[in-house]
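S.K.: Quick one: sequence and predicted model below, then my questions.
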Amino acid sequence: MSKIALQVAADSALLLGLFLFAMTLRLESVAFASSAKVWLVFGFAGAAAITTFWLSGLYRTLVRFLTGKIIVAIGRGVAVLALSMLALNAFFDAGIPRSVAIMTSALALLAIGGMRFFVRQIFRGPLQLSKRPVAIYGAGDAGLELLNSLFHGRDYAPIAFIDDDRRLQGLMIGGCRVHPPSALPQLMNSVGLDAVLLALPNIGPVRRREILSQLEKLQLEVKTIPSLSDIITGKAKISQLRHVTPEELLGRDPVPPDEQLLGRNITGKVVMVTGAGGSIGSELCRQILDQSPLALVLYEMSELALYSIEGELSETVKRLERSAKIIPILGSVQDEARLDAVMKAFKVQTIYHAAAYKHVPIVEENIVEGIRNNAFGTLAAARLAHKNGIERFILISTDKAVRPTNVMGATKRIAELICQGLAQQDTRTVYSMVRFGNVLGSSGSVIPRFTSQIEAGGPVMVTHPEINRYFMTIPEASQLVIQAGAMAQGGDVFVLDMGKPIKIADLAVTMVKLQGLKPYFADHANEVDHEDGDVAIHFTGLRKGEKLYEELLIGTDPKPTTHPRVMTASEASVPMSDLVDALKRLRHACDNFDLSEARLILAELPIDYAPTDNEVGDLTWSASQAGDTAERPAARSERPA
């Protein structure tokens, strides 16, 4: 209350002083001071103005958090002051010139508002000195709202706007001048600008990538406001800045989906997703739910992953009042009896088979489980789809299945051959395969690993200077999988348009630069020379089974489909009768843990398997081989207490 009383007293004194000034200036005399009517009019008018200030919230606003909106409250008060003075002067015939009421009110608007903004600047002064100078890229509504948010924050001091619109360049917005992008180097030198905040929530991915490419060259830290959809839905506020994501670095303008294709295999049907808790599987489930299935069966071997996706989808169903039934099922695709029971019990009509072990080095070190899960798991699921009259079976494949150099890729190519072979039989199940490369942000992918390494100060570990990969966002890949599966005629191999491959070393450099840091290349022999940069990039060498370049096509004649980002590939297939014998031998080798024989069988199959290492990389196999020649430690007869 003491602060409010101080403000009321200060405003009353200001009004009195301004009134005396206006009367003296207008009458060129102070004789009016002896008139009781003059003071009666001013007293009532001043009280009315102060009351209006109070009711308008002027005295409930903390001075340090004032914005331009406070002028409205002050304007109301001085308007009441002028009108009251004019009305009372006419009623009491006090002899106050009409111009005095206008002068007093105008001066009051300037003085009362100016005094508050002056005090605000005094409070903010020390805080402003500790803030980082930043430029806001985007002088639109989002940029202005961000500017107002930053004024109240403790981290950033906006010193300029950057905008491509020439009509805005040179103007002042919120006290900041609007500059063209070409002015950024000058701002870096003159005011120490070291960060740019993107306030462009509704531009397309291609234009965003162009802007980021320009900013990367300046080595400025770049942060961005949330997406427009997150702001609209309330998931995020415009002031919640974050670092630029890899999706924004590599994203591309989306192609509008074909709504008929999206719903053809899903709407009103019972849909099953194997590997429902994985990166692709979970996103498939989200998009399937948008197409109003009758029921969605989540088949997953990880209890935690199943718990997470089931909870998320059930919450979505409840929030959006959907009618779809969410059915969480724990199980492995290697368990034929479990798969058969689930397909029968819930009368499944469409299956998206996403269950697979996908990390190349892990599968190289656990070969038997990789073969069982990826190859025989697919065999079980695909055969049971035929047995139970499933309408559609869509296999999620990978670019690593093309001329594979590792067990993971080899098993996925076998999975493709199984689906192609079954499609040639007399069956009403339509089998298809959708092949694509890496997805951004998937578990264990390179980009989250780079992010954590940069945040830890480096080094960033890249396997090889020339290694490149295709990338696509998980939502785009999942949406295209659904549409491709709806176009299948039987035995189709669909290949998604992944765009141009990205060199991983270049991606690492860009990610470092966009955090305002300087990358430098180093090797383990010549460790840190911090004068060369902030974050080291080390090349560690290719991992087991890893290729420099991935391919999407075995043949060379892809054909277009009705969707511009989905192609069909004419790939060689093998009759199921020819494939069965090799699969029996492969299963026997796995059961007997004979990995030398298993690799020989993989090499005999028509999958172009060409391992990069002659040695078996399986950890258990290596340990058992070493154990055959090494002396084993004696077993303990007693347990320690």
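M.R.: On my side now, so go ahead.
S.K.: okay, CA-based contacts and neighbour counts for the rest of this
M.R.: Noted.
S.K.: Which of the helices or strands spans the residue nearest to Val8 when sequence neighbours are not counted?
M.R.: Of all residues not flanking Val8 in the chain, Ile50 sits nearest, at 7.2 Å (Cα to Cα, 6 or more residues apart in numbering). Here Ile50 is covered by helix 36-55, with elements defined by DSSP states H and E.
S.K.: Averaged pLDDT, whatever helix or strand comes next after that helix. What do you get?
M.R.: Stepping forward along the backbone from helix 36-55, the first helix or strand reached (DSSP H and E) is helix 70-92. The pLDDT scores in helix 70-92 average 88.
S.K.: coming back round to it: I'd like to know how many residues surround the residue nearest to Val8.
M.R.: For Ile50, the neighbour count with other Cα atoms under 10 Å is 23.
S.K.: List the neighbours of stretch 171-187 that are in contact with it.
M.R.: Residues outside stretch 171-187 that contact it (Cα atoms under 8 Å, 6 or more residues apart in numbering) are 139, 144, 147, 158-166, 168-170, 193, 218.
S.K.: Just the buried ones from those residues?
M.R.: Buried subset of the contacts of stretch 171-187 (neighbour count, 16 or more other Cα atoms under 10 Å): 139, 144, 147, 158-163, 168-169, 193.
S.K.: Narrow the residues you listed to those in helices?
M.R.: Those of the buried ones among the contacts of stretch 171-187 mapping onto helices are 144, 147, per DSSP state H.
S.K.: Out of the buried ones among the contacts of stretch 171-187, which two sit at the greatest distance?
M.R.: The largest separation in these, counting by Cα to Cα, is between Leu168 and Leu193 at 20.7 Å.
S.K.: Quick check: next helix or strand after the lowest-mean-pLDDT helix or strand in the chain?
M.R.: Here the helix or strand of the chain ranked lowest by mean pLDDT, DSSP states H and E is helix 228-233, holding a mean of 56. Going down the chain from helix 228-233, the next helix or strand is strand 242-243, by DSSP H and E.
S.K.: quick one on the thing from earlier: tell me the angle of the helix holding Ile50 relative to helix 70-92?
M.R.: Helix 36-55 runs at 150 degrees relative to helix 70-92, counting by axes from the mean of the first three to the mean of the last three Cα atoms, to 10 degrees.
S.K.: Which strands and helices lie in contact with helix 36-55?
M.R.: helix 2-27, helix 70-92 (3 or more Cα pairs under 8 Å, 6 or more residues apart in numbering; DSSP states H and E).
S.K.: any idea which of those is most buried?
M.R.: With neighbours taken as mean count of other Cα atoms under 10 Å, these reach their highest mean count in helix 70-92, at a mean of 19.
S.K.: Would you mind getting the angle between that one and helix 2-27?
M.R.: 50 degrees.
S.K.: Which strands or helices does helix 70-92 pack on?
M.R.: Under the contact definition 3+ Cα pairs under 8 Å, 6+ apart, helix 70-92 sits against helix 36-55, helix 98-129.
S.K.: residues in contact with that helix?
M.R.: With contacts defined as Cα under 8 Å, 6+ apart, helix 70-92 is touched by 37-38, 41-42, 44-46, 48-53, 56-58, 95-96, 98, 101-102, 104-106, 108-109, 112-113.
S.K.: Can you turn the buried part of these into a PyMOL selection?
M.R.: Burial among the contacts of helix 70-92 is assessed by 16+ other Cα under 10 Å; the matching PyMOL selection reads:
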select buried, resi 37+38+41+42+45+46+48+49+50+52+53+56+58+96+101+102+104+105+106+108+109+112+113
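S.K.: Please, where are all the strands along the stretch 401-550 of the chain?
M.R.: Along the stretch 401-550 of the chain, counting by DSSP state E, counting those that start in this stretch, strands occupy 430-435, 438-440, 460-462, 468-469, 471-473, 492-496, 502-503, 519-522, 535-539.
S.K.: Distance from the second one to the middle of the chain?
M.R.: Spelled out, that is strand 438-440. From the chain centre to the centre of strand 438-440 is a distance of 13 Å (Cα atoms, centre = their mean, to the nearest Å).
S.K.: ditto for the fourth one
M.R.: Relative to its parent chain, strand 468-469 has a centroid offset of 21 Å by Cα atoms, centre = their mean.
S.K.: Might you report the residue contacts of Ala380?
M.R.: Ala380 makes contact with 333-336, according to Cα under 8 Å, 6+ apart.
S.K.: hmm, back to that, with distance to His588 added, can I get the helices and strands packed on helix 36-55 in JSON lines?
M.R.: Shown next, in JSON lines, are the helices and strands packed on helix 36-55 (distance: least, Cα to Cα, whole Å):
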{"stretch": "helix 2-27", "distance to His588": "86"}
{"stretch": "helix 70-92", "distance to His588": "81"}
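S.K.: Out of the ones you listed, flag the one nearest Ala415.
M.R.: When those are ranked by distance to Ala415, counting by Cα to Cα, first place goes to helix 70-92 at 67.9 Å.
S.K.: show me where pLDDT drops low in the stretch 151-300 of the chain?
M.R.: 152, 227-240, 246-247, 250-252 (pLDDT under 70).
S.K.: where exactly do the helices run in it?
M.R.: Assigned by DSSP state H, counting those that start in this stretch, the stretch 151-300 of the chain shows helices spanning 184-191, 205-218, 228-233, 246-250, 259-264, 279-290.
S.K.: export those to JSON lines and tack on distance to Ser577?
M.R.: Shown next, in JSON lines, are the helices of the stretch 151-300 of the chain (distance: least, Cα to Cα, whole Å):
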{"stretch": "helix 184-191", "distance to Ser577": "67"}
{"stretch": "helix 205-218", "distance to Ser577": "48"}
{"stretch": "helix 228-233", "distance to Ser577": "52"}
{"stretch": "helix 246-250", "distance to Ser577": "44"}
{"stretch": "helix 259-264", "distance to Ser577": "32"}
{"stretch": "helix 279-290", "distance to Ser577": "31"}
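S.K.: Out of those helices, indicate the one that is most buried.
M.R.: By mean neighbour count, with neighbours taken as mean count of other Cα under 10 Å, helix 279-290 ranks first of these at a mean of 21.
S.K.: contacts for that helix?
M.R.: Residues from elsewhere that reach helix 279-290, judged by Cα under 8 Å, 6+ apart: 266, 273-276, 296, 298, 309, 313, 324, 354-355, 442-443, 474-475, 478-479, 482.
S.K.: Please pick the buried ones from those residues.
M.R.: Using 16+ other Cα under 10 Å, the buried members of those are 266, 273-276, 296, 298, 309, 313, 324, 354-355, 474-475, 478-479, 482.
S.K.: and which of the contacts of Ala380 is nearest Val616?
M.R.: The shortest approach to Val616 among the contacts of Ala380 belongs to Gln334, at 23.5 Å (Cα to Cα).
S.K.: I'd like the distance between the most centrally placed residue in the chain and Ala305.
M.R.: Geometric centre of the chain, nearest residue: Thr245, 5.8 Å, by Cα atoms, centre = their mean. Remark: distance between Thr245 and Ala305 (Cα to Cα, to the nearest Å) = 24 Å.
S.K.: Wait, Lys500 touches Tyr470, no?
M.R.: Yes - using Cα atoms under 8 Å, Lys500 is in contact with Tyr470, at 6.7 Å.
S.K.: average pLDDT for the helix holding Ile50?
M.R.: Average pLDDT, helix 36-55: 89.
S.K.: Show me the contact partners of that helix.
M.R.: 8, 11-12, 15, 32-33, 59-60, 73-74, 76-82, 84-85, 88-89, 92-96.
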